[in-house]
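S.K.: Output the structure for:
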Amino acid sequence: MKTRTLKLLSLSAIFAFALQSCSIEIREDSDSPTSQSGTTIVGNELSGSGTLSGTITKDLLIKEGNYNLVGLVKIADGVKLTIEPGATFTASTTTTSGLIFLKGSKAALDGTASKPIVFTTADKIPGGWCGITVYGDAPILANGGGTTATSEDGLNQIYGGSDIGSNSGIFRYIRVEYGGKKIGDGSSEFNGLTFYAVGAGTILENIVSYKGTDDGVEFFGGTVSAKNFISYGNFDDSFDWQDGWYGQDNSNWFAYQTGTGNFGMEIESSNNASANAPKVVGITLIRAAGTNPEVAGSTEISAIQFKKHGSGKFSNVYIEGYKNTGGKSAYPIVIQDSPTDVSQVLGGKVTVSPIRTVNSDNDLAWYYVGFTSTAPKTISQTATVTKVSIPGGNWSTVNGLDLTTL
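M.R.: Predicted structure coming up:
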C-alpha cells in the first residue's frame with residue numbers, strides 16, 4: 001500500500017486540491033483511479049483539461065475539453081474509458097504516443113456529428129503518433145490457421161479467441177488525424193486505427209482516419225463491422241485486412257487518396273483458404289491526380305487487390321482516378337496469385353458488383369498477376385452506381401474541408 005497523503009488534509013484543502021490542474025500527481029493507495037505514470041484523475045474523471053498518460057487501471061470519464069495525450073496510454077483489462085462528445089486530444093510527437101485498448105477493456109467513445117471526439121497533433125505532420133489500437137478475443141485465422149497470434153506493432157500483445165460477438169465498446173463520431181507512426185527500424189508500424197480480433201458486438205460508426213503514414217484502418221481477424229468510414233490521404237492502403245476478418249454488416253466506406261497512397265483496398269486472409277468473406281455495401285475509392293505510391297516505381301497503385309486467399313463480397317462499388325502511373329499499370333481489381341483465384345474468386349467468395357469505374361485505366365477486365373485464370377472475369381459497368389452518401393458535419397470536417405463532399 002502507498003501512503004494516502006490526502007488523509008492529513010482538511011476538507012477545505014481537499015476541495016481546493018480537487019480544483020487544481022489534472023497534471024499534478026496524487027499519491028494514494030492502489031484503489032485510486034490514477035494511471036501508473038501519475039496522471040491525476042480527480043473523482044474518476046478528467047474535467048476539461050489535463051494530460052492523459054500511462055496505464056489506466058480504473059474506470060475513467062473524460063469530460064468535454066482539450067487534453068494532451070503523452071506516451072502509450074493503455075486501458076487495462078476490465079477497465080472502461082468513457083469520453084464525452086467534444087473532447088479533443090493532442091498527442092505528443094516527441095515520444096511514441098497512442099491510445100491502446102488492451103484485451104478485456106471497454107471503450108465508450110461516443111461523439112456526435114456536431115461534437116466529435118478528435119485525436120490530432122500540434123504540428124499536423126503525418127505519422128506523428130500511433131493512432132488508436134484495440135485488441136479483442138473474437139475469432140481469427142492467422143498464418144498456419146492459428147486461432148491466436150502476436151500483434152505486429154511491437155507491443156507483443158496476444159489477440160484472438162472464440163467470442164464472435166465480443167464487445168469492445170463504442171467508437172462513434174471519431175476523427176483520428178496524423179497517425180500511422182513507424183517505430184524502431186520501421187518494421188513495426190501502427191495505422192490510423194487498428195482492430196485486432198475485435199468482435200461483432202463492438203460499434204464502429206462515423207469514423208475518419210486522416211493523413212496517416214500507414215493504413216487508414218486495418219483489421220487483423222475478428223468479426224466487427226464499420227459504417228460510414230472515411231479514409232483520407234493515408235500513405236499506405238486506405239482499407240486493409242488479414243487473419244480472416246469477416247465483418248458482415250459494413251456500409252458506406254469512402255477513401256480519398258491524395259499525394260501519397262498505395263492500394264485503395266488490400267485484402268488477404270493470411271493464406272487460409274477456409275476464411276469466410278466479409279461484406280461491404282457501398283464502397284467509394286477515389287485517387288486524386290498526381291498521387292504516387294510510397295515507393296517510386298511500385299505497382300501498388302490499383303484500386304482493390306486480393307492476395308493470400310483474400311476474399312470479400314462488395315456491392316455498389318465506385319472507383320475513380322486509378323490511372324497508370326510511373327510506367328506501371330493501374331487496375332480496378334487485381335488478383336495477385338493463383339491460389340486466391342482458385343479458392344476465393346472461383347469459389348464464390350469474391351464478388352465486386354455492381355461496379356462503376358470513372359476516369360480510370362484498364363477498366364474492363366480483372367488483372368491476374370503472373371498467371372492465367374481458368375475463368376477470367378470482366379467488368380460490366382453499371383452507370384447507376386454513384387459515390388457513397390455520408391451525412392457530413394463537424395465530425396467529417398478538417399481544416400475547413402468537409403470530406404464527405406469530395
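S.K.: Okay, strands next: where are they in the stretch 201-350 of the chain?
M.R.: Remark: strands assigned in the stretch 201-350 of the chain by DSSP state E, counting those that start in this stretch are 203-210, 217-220, 225-232, 239-242, 250-257, 265-268, 279-287, 304-307, 312-320, 333-335, 350-352.
S.K.: hang on, I meant the stretch 1-150 of the chain
M.R.: Taking DSSP E, counting those that start in this stretch, the strands of the stretch 1-150 of the chain run over residues 45-46, 49-56, 60-62, 66-75, 80-83, 88-91, 98-101, 106-110, 117-121, 132-135, 149-150.
S.K.: Break the protein down into its domains, please.
M.R.: Split into domains by automatic domain parsing, the chain comes to 1-32, 33-405.
S.K.: quick one on the thing from earlier: could you dump the strands of the stretch 1-150 of the chain into TSV with mean pLDDT added?
M.R.: Converted to TSV, the strands of the stretch 1-150 of the chain look like this (pLDDT from 0 to 100):
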stretch	mean pLDDT
strand 45-46	92
strand 49-56	96
strand 60-62	98
strand 66-75	98
strand 80-83	98
strand 88-91	98
strand 98-101	98
strand 106-110	98
strand 117-121	99
strand 132-135	98
strand 149-150	97
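S.K.: I'd like to know which of the ones you listed is closest to residue 171.
M.R.: With respect to residue 171, and counting by CB to CB, the nearest of the strands of the stretch 1-150 of the chain is strand 106-110 at 5.1 Å. Every C-beta, even on glycine, is put in place using the N, C-alpha and C of the backbone.
S.K.: Kindly calculate the angle that the closest one makes with strand 117-121.
M.R.: 100 degrees (axes from the mean of the first three to the mean of the last three CA atoms, to 10 degrees).
S.K.: Residue 230 is nearest to which of the strands of the stretch 1-150 of the chain?
M.R.: Between residue 230 and the strands of the stretch 1-150 of the chain, the shortest gap by CB to CB is with strand 117-121, which sits at 13.6 Å.
S.K.: tell me which residues in the closest one are buried?
M.R.: Using 16 or more other CB atoms under 10 Å as the test for burial, strand 117-121 gives 117-121.
S.K.: Parallel or antiparallel, list what pairs with that strand.
M.R.: strand 88-91 (parallel), strand 169-177 (parallel) (DSSP bridges).
S.K.: which one of these is the most hemmed in?
M.R.: Highest mean neighbour count among the strands paired with strand 117-121 (mean count of other CB atoms under 10 Å): strand 169-177, with a mean of 24.
S.K.: tell me the contacts of the closest residue to residue 307 other than its chain neighbours?
M.R.: Nearest non-adjacent residue to residue 307, counting by CB to CB, 6 or more residues apart in numbering: residue 336, 3.6 Å away. By CB atoms under 8 Å, 6 or more residues apart in numbering, the contact set of residue 336 is 305-308, 369.
S.K.: Generate the PyMOL command that creates a selection of the buried members of these.
M.R.: Buried residues within these, by 16+ other CB under 10 Å, are selected in PyMOL with:
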select buried, resi 305+306+307+308
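S.K.: for the contacts of residue 336, which one is nearest residue 150?
M.R.: So of these, ranked by how close each gets to residue 150 (CB to CB), first place is residue 308, at 18.4 Å.
S.K.: nearest residue to the closest one other than its sequence neighbours?
M.R.: residue 268 (3.9 Å).
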